[in-house]
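1. Provide a 3D model corresponding to the input given below.
(4 chains)
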There are 2 protein chains.
Amino acid sequence: MEDRASPRLLDAERLIQERLGDRPLDFDSMLAVSNIYRAATAVRRSAERGVLAQFGLSWGGFTTLWVLWVWGEMRTADLAEECDLSKATLTGVVKTLEKRGFVERRQVESDRRRVTVALTDAGLDTIESLFPRFNRYEGEMVRELSTDEKQALAGLLRRVIVAAGQA
Amino acid sequence: MEDRASPRLLDAERLIQERLGDRPLDFDSMLAVSNIYRAATAVRRSAERGVLAQFGLSWGGFTTLWVLWVWGEMRTADLAEECDLSKATLTGVVKTLEKRGFVERRQVESDRRRVTVALTDAGLDTIESLFPRFNRYEGEMVRELSTDEKQALAGLLRRVIVAAGQA
DNA sequence: CCGGTTTTGTTTGCTACCAAACGGAATCGG
DNA sequence: CCGATTCCGTTTGGTAGCAAACAAAACCGG
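-> Now for the predicted structure:
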């Protein structure tokens, strides 16, 4: 069965194979990995331009808002973990979100090393109105896949996430 | 069939569903998209730490070297396109690669607006010895998948790339 | 208590990434 | 030719991202 939807991508992949075909390489793994990365870039760029820009948010900023919405006020370290960012990066993202008035920092009384981050009212309003739109946009980006295929894709990726984390 | 390899990921996904389950959301699309992004981050980080750091290269720097290796000397705009980066970003990446001695810029005689980028001898040596290692590492990161599954994954992602590009 | 250790978030220094503005070079219509 | 336009790569100004160094606070053994 031919992949009618993406002749250009496949052509490029074939050309690469022609150029490197005489070497003993693992093309299946190469194409799987490079397409993961390309897809992530495409998805991020599209969402940032198509939805997030209107709210003045980057992908990382959106993710942070979303995590705080789902889980509520959180300590910095846990928030970084949940957003899949280093603590250092999170400090910067939170700084930007504070500037925009979406979140606020709170000193923890019982342990003054600690800081929690929470949504402001404006942040809550924003994520409440943004997330349904974002989710519809996600649907657009994977509209070519059936429900089964979306689930299969998520499942395959889950196994890659685990394996890459251990590699 | 349960997904034994990633209980934590699935648990987190279930918790999110519990928290948002009363809203009319498209969870299949949400999980597909977020796992694409998570997998790309995992793969990039793992490769940068496990292979590229030894050569003083970032993911973007490696990609650029690789494209130049496969396709040969290229004009800036084409190189940016092939690396899936903006021209502005590519200018910076090339600057770094020049500093490291991996590539060189060349003025085009016939059109002085144009610049080409080419591998130096050091750059060629580097990519020749690096790429086989990188490719083995790619294999490690997707080791949990069979050949068929890798190809299926690449195929599904190709369709997402196209759809996201049009969304 | 008190000195050493661990924990926690921030800062520092660097690279990467983009959009938009720019400035020099080529091209095209007249 | 020449003025307007288009083309090309870089610069500018901003956010994001990491590792490593850091400072302050808490903890712990004696």
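2. got phi/psi on the closest residue to chain B within chain A?
-> Nearest residue of chain A to chain B: residue A:40, at 3.2 Å (CB to the nearest CB). For glycine as for every other residue, the C-beta is placed from the backbone atoms N, C-alpha and C. Torsion angles at residue A:40 (phi, psi; degrees, to the nearest 10) stand at phi -60, psi -40.
3. got it, and residue A:125?
-> phi -60, psi -40.
4. check it and give its pLDDT.
-> Residue A:125 is assigned a predicted lDDT (pLDDT) of 95.
5. grab the nearest non-local neighbour of the residue of chain A closest to chain B.
-> Excluding its sequence neighbours, the residue lying closest to residue A:40 (CB to CB, 6 or more residues apart in numbering or on different chains) is residue B:40, at 3.2 Å.
6. return the distance of that neighbour relative to DNA strand C.
-> The gap separating residue B:40 from DNA strand C is 11 Å, by CB to the nearest atom of the strand, to the nearest Å.
7. so the residue lying farthest from the centre of chain A, which of the three states?
-> Farthest-out residue of chain A from its mean C-alpha position, per CA atoms, centre = their mean: residue A:22, at 36.3 Å. Judged by DSSP: H, G, I helix; E, B strand; the rest coil, the three-state class of residue A:22 is coil.
8. just the one 3 residues further on next, same as before
-> Secondary structure of residue A:25, reduced to three states by three-state DSSP: coil.
9. go ahead and confirm residue A:151 touches residue B:28.
-> Yes: the criterion here is CB atoms under 8 Å, and residue A:151 meets it with residue B:28 at 6.0 Å.
10. looking at those two, which is more packed in?
-> Between residue A:151 and residue B:28, counting by other CB atoms under 10 Å in any protein chain shown, residue B:28 is the more crowded of the two (20 against 15).
11. is it true that the more buried one lies in a helix?
-> Yes: assessed by three-state DSSP, residue B:28 belongs to a helix.
12. give me the pLDDT for it.
-> 94.
13. show me what contacts residue A:105?
-> By CB atoms under 8 Å, 6 or more residues apart in numbering or on different chains, the contact list for residue A:105 reads A:94, A:98, A:115-117.
14. pull the contacting residues for residue A:28.
-> Contacts of residue A:28 (CB under 8 Å, 6+ apart): B:147, B:150-151, B:154.
15. ok, back up a step: the residue of chain A closest to chain B and residue B:39 touch, don't they?
-> Yes: assessed by CB under 8 Å, residue A:40 is found in contact with residue B:39 at 7.3 Å.
16. ok so, going back, ok, now how distant is the residue farthest from the centre of chain A from DNA strand C?
-> 29 Å.
17. pLDDT wise, what is that residue at?
-> The model reports residue A:22 with a pLDDT of 77.
18. residue A:1 now?
-> pLDDT, residue A:1: 44.
19. how does chain A divide into domains?
-> For chain A, automatic domain parsing gives the domain ranges A:1-50, A:57-141.
20. give me the neighbour count for residue A:147.
-> Residues near residue A:147, counting by other CB under 10 Å: 11.
21. what does residue A:49 give?
-> Considering only other CB under 10 Å, residue A:49 is surrounded by 11 other residues.
22. part of a strand, is it?
-> No: under three-state DSSP, residue A:49 falls outside any strand and is assigned helix.
23. if I pick it, what's in contact with it?
-> So residue A:49 contacts nothing (CB under 8 Å, 6+ apart).
24. kindly recompute the last result at 10 Å.
-> residue B:167 (CB atoms under 10 Å, 6 or more residues apart in numbering or on different chains).
25. where does it land on pLDDT?
-> At residue A:49, pLDDT is 94.
26. helix or strand for the residue of chain A found nearest DNA strand D, which one?
-> Ranked by CB to the nearest atom of the strand, the top residue of chain A for proximity to DNA strand D is residue A:60, at 2.4 Å. Using DSSP states H and E, residue A:60 maps to helix A:59-71.
27. and that helix, what's buried?
-> Using 16 or more other CB atoms under 10 Å in any protein chain shown as the test for burial, helix A:59-71 gives A:60-69.
28. quick one: those as JSON lines, columns for distance to residue A:162 and pLDDT too.
-> Output for those, formatted as JSON lines (distance: CB to CB, whole Å; pLDDT from 0 to 100):
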{"residue": "A:60", "distance to residue A:162": "23", "pLDDT": "94"}
{"residue": "A:61", "distance to residue A:162": "27", "pLDDT": "95"}
{"residue": "A:62", "distance to residue A:162": "25", "pLDDT": "97"}
{"residue": "A:63", "distance to residue A:162": "20", "pLDDT": "97"}
{"residue": "A:64", "distance to residue A:162": "24", "pLDDT": "97"}
{"residue": "A:65", "distance to residue A:162": "27", "pLDDT": "96"}
{"residue": "A:66", "distance to residue A:162": "22", "pLDDT": "95"}
{"residue": "A:67", "distance to residue A:162": "21", "pLDDT": "95"}
{"residue": "A:68", "distance to residue A:162": "26", "pLDDT": "96"}
{"residue": "A:69", "distance to residue A:162": "26", "pLDDT": "94"}
